[in-house]
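Novice: return a 3D structure for these sequence lines:
(one chain, ligands or ions: 1)
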Amino acid sequence: MKNPTGSACGKIILFGEHSVVYGHPAIAVPVTALHADVFIQPAETLVISSRNFNTEYEILKNPLNKNETGFGLQETVLNTLKFFNLLKKQNIHITIDSSILPASGLGSSAAVAVAIIRALSNYFKKKISNKDLYDLAFKTEVIYHGDPSGIDPAVIIHEKPVYFKSGKKTRLEPLKVANKIPIIIADTGVRSSTKEVVSDVKKARASDKDKYDTIFSEIIPIVHRVRDVIEKGNVSELGRLMNENHELLKQIDVSSPELDLLVESAREAGATGAKLAGAGRGGHIIALAEDNVQKISKALVDAGASHIFFTEIV
Ligand code: PMV
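Specialist: Numbering: from 1, shown residues only. Next up is the predicted model:
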């Protein structure tokens, strides 16, 4: 098959989801086994099509409004063409083909946005810095997620484990991994909207600020400890920290029976630790699998995981 004109990997948040929205640190890692690919070919007019959803949008003839599926794709393309001063060059067919499941915490929307921007940059031979790439992809994240922290495009663009903190000055620090970290990622099969979960947490925090801020403040030292562990190599301790972070996420009501069942099944089968990963209420869990990979995988499938895969953080 032809090489894509642009592509981007998936990602998973290891620690610090939700608290990162309030300016606290988080750690995320790329998942390079998954990727969004974008192909560009000359065409009569501007067409965006998605192989995954079997959709095709002729956005000049029928511009999409913000409630329509595909609006985020349209805006990513138009914002990028505008950025490159190419709004008049609209005779291209953009095809998206992604192996990243949407609404499951694997960074699908950010990866598709980054892949589209990279594809347009490559196709028109226009250079773009990582900072401008991030700013453009962040605009798409706002369309899909409302009030995102920005961690998804950050880790996807850099394709390295990152320590991330948003704020007036975003802190994005790539991490050196001392020892490989073996992780099983398991899907509950339940799709969940990051926008809705983030908005629910925001509402709940507005009515009980002390409770939520106390929980977020307990997540901060966990993330700092994780950074230290990743950089120094005491992998087993990550398991204990995963368990602690999961308990705190339960307290802000973003877990679900399906997530808890997978987390418990992984631990019982020998995972050093496990937690939900990402917005929660559905999507994936991660389990630290230093040994017993087969046994943990089987336990997860028996507990109802719709899909599992193994990855090593390096
Ligand atoms: O579900 P995901 O992987 O898209 O992660 C959302 C992470 C949050 O912290 C809940 C939101 C954000 O913008 O960081």
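
Novice: which single helix of the chain contains the most residues?
Specialist: helix 209-232 (DSSP state H).

Novice: may I see the buried residues of the very next helix or strand once past that helix?
Specialist: Per DSSP states H and E, the first helix or strand lying C-terminal to helix 209-232 is helix 235-251. Using 16 or more other CB atoms under 10 Å as the test for burial, helix 235-251 gives 235, 237-239, 241-246, 248-250. Just so you know, the C-beta spots here come from the backbone N, C-alpha and C atoms, and that holds for glycine as well.

Novice: kindly state the domain boundaries assigned to this structure.
Specialist: If you go by automatic domain parsing, the domain ranges for the chain are 6-174, 181-313.

Novice: check whether the last one contacts the ligand.
Specialist: Yes. Using CB under 6 Å from any ligand atom as the criterion, contacts between domain 181-313 and the ligand involve T194, V198, G278, A279, G283.

Novice: same check on the first one?
Specialist: Yes. Contact between domain 6-174 and the ligand is present through I13, E17, H18, V20, V21, G105, H145, P148, S149, I151, D152 (criterion: CB under 6 Å from any ligand atom).

Novice: okay, those residues in a markdown table with neighbour count next?
Specialist: What follows is those, written out as a markdown table (neighbours: other CB atoms under 10 Å):
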| residue | neighbour count |
| --- | --- |
| I13 | 27 |
| E17 | 29 |
| H18 | 26 |
| V20 | 24 |
| V21 | 22 |
| G105 | 27 |
| H145 | 23 |
| P148 | 22 |
| S149 | 27 |
| I151 | 28 |
| D152 | 30 |
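
Novice: of these, just say which sits nearest to A137.
Specialist: For those, the minimum distance to A137 (CB to CB) is 8.2 Å, reached by D152.

Novice: I'd say that closest one and G10 touch.
Specialist: No. When contacts are counted by CB atoms under 8 Å, D152 is not listed as touching G10 (9.6 Å).

Novice: shared neighbours, the two?
Specialist: G107 (CB atoms under 8 Å, 6 or more residues apart in numbering).

Novice: burial check on A287, number of neighbours?
Specialist: 32 (other CB atoms under 10 Å).

Novice: pLDDT value on it, please?
Specialist: Looking at A287, its pLDDT stands at 98.

Novice: pull the CA atoms of the strand or helix carrying Q294 into PDB?
Specialist: Per DSSP H and E, Q294 falls inside helix 293-302. C-alpha atoms of helix 293-302 as PDB (Å, rounded to 0.1, in the frame of the first residue of the first chain):
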ATOM      1  CA  VAL A 293       1.500 -11.600  30.800                       C
ATOM      2  CA  GLN A 294      -0.400 -14.600  29.500                       C
ATOM      3  CA  LYS A 295      -2.300 -15.100  32.700                       C
ATOM      4  CA  ILE A 296      -3.200 -11.400  33.100                       C
ATOM      5  CA  SER A 297      -4.300 -11.200  29.500                       C
ATOM      6  CA  LYS A 298      -6.500 -14.300  29.900                       C
ATOM      7  CA  ALA A 299      -8.000 -12.900  33.100                       C
ATOM      8  CA  LEU A 300      -8.800  -9.600  31.300                       C
ATOM      9  CA  VAL A 301     -10.500 -11.400  28.400                       C
ATOM     10  CA  ASP A 302     -12.500 -13.600  30.900                       C
END
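
Novice: got a list of what A111 touches?
Specialist: A8, C9, G10, K11, L34, H35, A36, S98, I100, I156.

Novice: quick check, nearest of those to the ligand?
Specialist: K11 (7.2 Å; CB to the nearest ligand atom).

Novice: from the buried residues of helix 235-251, which is closest to A289?
Specialist: Nearest to A289 among the buried residues of helix 235-251, with distances taken as CB to CB, is G239, at 9.5 Å.

Novice: tell me the confidence at S104?
Specialist: The model's pLDDT for S104 equals 85.
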